[in-house]
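Below is the structure, and that's it, no one-letter string:
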């Protein structure tokens, strides 16, 4: 969504003759972000201890349910945070 909104904006920022250069640079940074974002996302989302398959097999039903709920909550919190940032950002536009 940001890329779609940024491309037209980048084209009108400067001289029309250099618009393609700016778009190329924008796409390069987009590719860089696509490369490093999963690493930082994993640090934030999966910061809690992740159990191995052997450890999961040793859990009883209640422990497994609690573990799965904790893992789901870690992802939920991240998406709620992103939604809040997006909402605040949109309220200022």
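Now that the structure is in, tell me what you want to look at. Remember, predicted model here, so these are calculated numbers, not experimental data.

Show the pLDDT at the residue of the chain most remote from its centre.
Ranked by distance from the centre of the chain (CA atoms, centre = their mean), the top residue is residue 17, with 33.5 Å. On pLDDT, residue 17 comes in at 91.

and if you look at the one 3 residues further on?
Each residue has a pLDDT score; the one for residue 20 is 89.

just checking, what packs against the helix or strand bottoming out on mean pLDDT in the chain?
Among the helices and strands of the chain, helix 2-11 carries the lowest confidence by mean pLDDT, DSSP states H and E, at a mean of 79. Counting contacts by 3 or more CB pairs under 8 Å, 6 or more residues apart in numbering; DSSP states H and E, helix 2-11 is packed against helix 19-45. Backbone N, C-alpha and C define where each C-beta goes, glycine included.

and residue 64, what does it touch?
Going by CB atoms under 8 Å, 6 or more residues apart in numbering, residue 64 touches residue 56.

hmm, who's touching the least confident helix or strand of the chain?
By CB under 8 Å, 6+ apart, helix 2-11 touches 19, 22-23, 26, 30.
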